[in-house]
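**Q** I would like the atomic coordinates for the input below:
(one chain, ligands or ions: 1)
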Amino acid sequence: MKNITLEIHYEEFSGIEELDRDDRELCEAAVKALDGSYAPYSRFNVGAAVRLADGTIVSGANQENAASPSGLCAERTAMFAANFSHPGVPMCSIAIVGAQNGEICRDITSPCGACRQVMAEYQQIGGRDMSVLLYSGGRILKFGRVDDILPFIFDNLQGD
Ligand code: THU
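**A** Residues are numbered from 1 along each chain as shown. Reported below is the predicted structural model:
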């Protein structure tokens, strides 16, 4: 038997001006994506923006439905749109932001487990790390790769 401890690393910024130009632009795109949120049930708006390896940014926002499981989170809306419209182009980073009553949340909106699993697979098929930026009106967190927010992913591509 072995006892193993995992460590994760992330960066914390206190404002958007501390980010590099690409990350700032991606966070701004996530904020803009909030306009496309359809969340009449939870009234919680989420915006996400994915940067592809060729520099393209694809955005998405949460889409709800009266039959609640039929809705979709912002992150998956953005990633599925990205892989649909730019198949095979690796995803390098994703920015996520939440808002309520037209105000960006003071604390981070952290992606749900299902979205993390989808990020992990796109990172894997992209063959490069995908960074995850959690943007808020307060602090901003940056994780260098999806593994830092989801270790031990379900990996059905193993050995491919
Ligand atoms: N939501 C997202 O879009 N992303 C997340 O990471 C967490 C939750 C959405 C789903 C639903 O429309 C609303 O937030 C409230 O749960």
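**Q** Quick one: name the residues of this protein near the ligand.
**A** 39, 42, 44, 46, 62, 64, 71, 73-75, 109, 111-112, 115 (CB under 6 Å from any ligand atom). (C-beta placed from N, C-alpha, C; glycine too.)
**Q** Present those as CSV; the columns should include neighbour count, secondary structure and pLDDT.
**A** Formatted as CSV, the residues of the chain next to the ligand follow (neighbours: other CB atoms under 10 Å; DSSP: H, G, I helix; E, B strand; the rest coil; pLDDT from 0 to 100):
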residue, neighbour count, secondary structure, pLDDT
Ala39, 18, coil, 98
Ser42, 13, coil, 98
Phe44, 15, strand, 98
Val46, 28, strand, 99
Asn62, 24, coil, 98
Glu64, 18, coil, 98
Gly71, 16, coil, 98
Cys73, 22, coil, 98
Ala74, 30, helix, 99
Glu75, 29, helix, 98
Thr109, 23, coil, 98
Pro111, 24, coil, 98
Cys112, 13, coil, 98
Cys115, 25, helix, 98
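**Q** At which residues are the helices of this structure located?
**A** Remark: helices assigned in the chain by DSSP state H are 21-33, 74-85, 113-126.
**Q** nearest to Gly137, of the residues of the chain next to the ligand?
**A** Among those, Thr109 lies closest to Gly137 (CB to CB), at 10.8 Å.
**Q** for that closest one, what are its contacts?
**A** With contacts defined as CB atoms under 8 Å, 6 or more residues apart in numbering, the neighbours of Thr109 are Val46, Ile96, Val97, Gly98, Leu134, Ser136.
**Q** mind redoing it with 6 Å?
**A** Val46, Ile96, Gly98 (CB atoms under 6 Å, 6 or more residues apart in numbering).
**Q** Look up how far the ligand lies from Ile94.
**A** Note on Ile94: its distance to the ligand, by CB to the nearest ligand atom, to the nearest Å, is 11 Å.
**Q** Then Ile8?
**A** 18 Å.
**Q** My read is that that residue contacts Val146, right?
**A** No. Taking contacts as CB atoms under 6 Å, Ile8 lies outside contact range of Val146: 11.1 Å.
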